[in-house]
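Asks: A predicted structure for the sequence below; I have some questions about it.
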Amino acid sequence: MANVELRGLEKSFGANTVLKGVDLAIRDGEFVVIVGPSGCGKSTLLRLIAGLEPPTQGDILIEGKSALDDAPAQRGVAMVFQSYALYPHLNVFDNMAFGLRMAKMAERDIKAAVEKAAAMLGIEDLLDRRPRELSGGQRQRVAIGRAIVRQPRLFLLDEPLSNLDAGLRVHMRHEFARLHRELATTMIYVTHDQVEAMTLADRIVVLNDGGVEQIGTPQDIYDAPRNLFVAGFLGSPRMNLIAGEISAVKSHGVRIKLVTGDEVTAAVASGKAVPGDKVTLGVRPESLSAEGVGNVLTATVDVVETLGSTRAVYAMMPRADQPVCAILPAGFSVRHGDVVRLHFDPAQAYLFDASGEAFGRQSTATEAA
């Protein structure tokens, strides 16, 4: 296993700065997922750690020692690429054995290492096949096996599931979780898929425009997003965000007049709240219900998605630039054009100031007056 520390890491390609002062400490055996939109610098960050690109500024420490002068092969790192990067003319066994042969390992030891990794991945029967004879999921297992046989201190995984269909992605997520548990090796996993991040990570790093927005456990980031970007990025469906302004500050929270005309209360810390300030209200879709007490949003149903045990109801509100989404029970009868009243508890509301920073949450919520 390996601990990794990034200190003030920056990377520029000409005038384009891709990474901007990234600081990150990763513990031995930790599964860290770096998530963010396309083009935010996720893959570049992995390539810097692997030694495939030099940083413009900053340092990379592996086991407390700077790795900047170490070639990729000296870093004890194995990288699994989105494209699998298998040799088409070699069979599965030889693909997995390639790196070990380059390292001059004895053929007997190579055979034992490949067979052990193949058994772990359930591909023992595929060792004689070539990549063109394999499915996408099988090719991905071969690419992972090629990394495992090297017994690296650190696994780097660059969007490894993006080429697979939805069902196989779910299965392979379970496989990665199992492998991490069995190998007990440090893993850094890059994805744009926030579901992968939430289900796999010990900690998530939210990256945006080359900088770190927030670091924390999946639940911490979901429950307490630091800003509007994180709030809108993590969650499926994503958080509803509605513009408004502060109309009153009370002991139990902040009263907001929304652009839709609705007036609601958010049970947030009111220390920096000033009447008249522009704010954005955030409510998770699963926090909205078709009945209850407290806050109410009035909207007209646009689209209903049946999801088996639940329904995702998308409804339009006056003067709002996007629909509000509510996750309601499957038995709730609603169709296009219906007017619905969506209720939510003030304790389940989030509030963001004009700069996008989150208001603090109240530790004990009081029902709105």
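Replies: Thanks, I have the structure now. Numbering: from 1, shown residues only.
Asks: how long is stretch 235-245 from one end to the other?
Replies: Terminal residues of stretch 235-245 lie 25 Å apart, using Cα to Cα, to the nearest Å.
Asks: Check stretch 64-74 too.
Replies: 15 Å.
Asks: So which residues make contact with that stretch?
Replies: Outside stretch 64-74, the residues within contact range by Cβ atoms under 8 Å, 6 or more residues apart in numbering are 3, 5, 50-52, 54-55, 59-61, 75. C-betas here are computed from N, CA, C, even on glycine.
Asks: do the same with stretch 39-54
Replies: With contacts defined as Cβ under 8 Å, 6+ apart, stretch 39-54 is touched by 4, 6, 9, 11, 18-19, 22, 34-36, 55, 60, 67-68, 70-72, 74-75, 77, 79, 154, 156, 158-159, 188, 190-192, 207-210.
Asks: before we move on, what about stretch 323-337?
Replies: 237-238, 240, 242, 283, 285-286, 288-290, 297, 299-304, 306-317, 340, 342.
Asks: if we can go back for a sec, specify which member of the contacts of stretch 64-74 is nearest to Phe352.
Replies: Glu5 (31.1 Å; Cβ to Cβ).
Asks: So that closest one sits against Arg27, correct?
Replies: No. Judged on Cβ atoms under 8 Å, Glu5 makes no contact with Arg27 at a distance of 10.0 Å.
Asks: Asn3 and Asp220: what is the separation?
Replies: According to Cβ to Cβ, to the nearest Å, Asn3 and Asp220 sit 21 Å apart.
Asks: Counting neighbours, go ahead and name the busier of the two.
Replies: Taking neighbours as other Cβ atoms under 10 Å, Asn3 and Asp220 compare with Asn3 leading, 17 against 13.
Asks: May I have the beta-bridge partners of Glu10?
Replies: Residues in a beta bridge with Glu10, per DSSP bridges, are Gln57.
Asks: Now do the same contact list for it.
Replies: By Cβ under 8 Å, 6+ apart, the contact list for Glu10 reads 17, 19-22, 55-58.
Asks: now do Ala177
Replies: 199-200.
Asks: Am I right that it falls within a strand?
Replies: No. If the criterion is DSSP: H, G, I helix; E, B strand; the rest coil, then Ala177 is helix and not within a strand.
Asks: Quick check: closest non-adjacent residue to Ala224.
Replies: For Ala224, ignoring the flanking residues on the chain, the nearest one in space by Cβ to Cβ, 6 or more residues apart in numbering is Arg361 at 6.5 Å.
Asks: ah, wrong one, I meant Leu6
Replies: Going by Cβ to Cβ, 6+ apart, Leu6 has Leu24 as its nearest residue, at 4.4 Å.
Asks: So what's the residue count around that neighbour?
Replies: The tally of other residues near Leu24 (other Cβ under 10 Å) stands at 19.
Asks: repeat for Leu258
Replies: Quick note: Leu258 (other Cβ under 10 Å) scores 22 neighbours.
Asks: Tell me the spatial nearest neighbour of Pro225, not counting adjacent residues.
Replies: The shortest distance from Pro225 to any non-neighbouring residue, by Cβ to Cβ, 6+ apart, is to Ala231 (3.9 Å).
Asks: Please, which helix or strand holds that neighbour?
Replies: helix 228-233 (DSSP states H and E).
Asks: could you say what helices and strands that helix packs with?
Replies: With contacts taken as 3 or more Cβ pairs under 8 Å, 6 or more residues apart in numbering; DSSP states H and E, helix 228-233 sits against strand 203-208, strand 211-216, strand 240-250, strand 278-283, strand 349-352.
Asks: got the angle for the third one vs strand 278-283?
Replies: What it means is strand 240-250. 120 degrees (axes from the mean of the first three to the mean of the last three Cα atoms, to 10 degrees).
Asks: So what touches strand 240-250?
Replies: 228, 231-232, 254-260, 263, 265, 270, 273-285, 288, 297, 317, 320, 324-325, 352, 369.
Asks: ditto for the shortest one
Replies: If you take Cβ under 8 Å, 6+ apart as the criterion, strand 349-352 is touched by 225, 227-228, 231, 239, 241, 254, 256, 264-268, 279-283, 287, 295, 358-359, 361.
Asks: likewise stretch 156-172?
Replies: Under Cβ under 8 Å, 6+ apart, the answer for stretch 156-172 is 42-43, 46, 49-50, 77-84, 136-137, 140, 143-144, 173, 176, 187-193, 196.
Asks: Swap in 7 Å and give it another go.
Replies: Identification of contacts with stretch 156-172 by Cβ atoms under 7 Å, 6 or more residues apart in numbering yields 43, 46, 49-50, 77, 79-82, 136-137, 140, 187-191, 196.
Asks: Restricted to buried residues, select the residues you listed in ChimeraX.
Replies: Paste this into ChimeraX to select the buried members of those, with burial taken from 16 or more other Cβ atoms under 10 Å:
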select :43,46,49,50,77,79,80,81,82,137,140,187,188,189,190,191,196
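Asks: Now do the residue nearest to Pro225 against Ala78, distance only.
Replies: In this view, Ala231 and Ala78 are 35 Å apart by Cβ to Cβ.
Asks: and if you look at Ala273?
Replies: In this view, Ala273 and Ala78 are 50 Å apart by Cβ to Cβ.
Asks: Can you name the next helix or strand after the helix or strand hosting Arg181?
Replies: Using DSSP H and E, Arg181 maps to helix 166-183. Per DSSP H and E, the first helix or strand lying C-terminal to helix 166-183 is strand 186-191.
Asks: Let me see the mean pLDDT of that next one.
Replies: Averaged across strand 186-191, pLDDT comes to 94.
Asks: Also stretch 307-327?
Replies: For stretch 307-327, the per-residue pLDDT averages 92.
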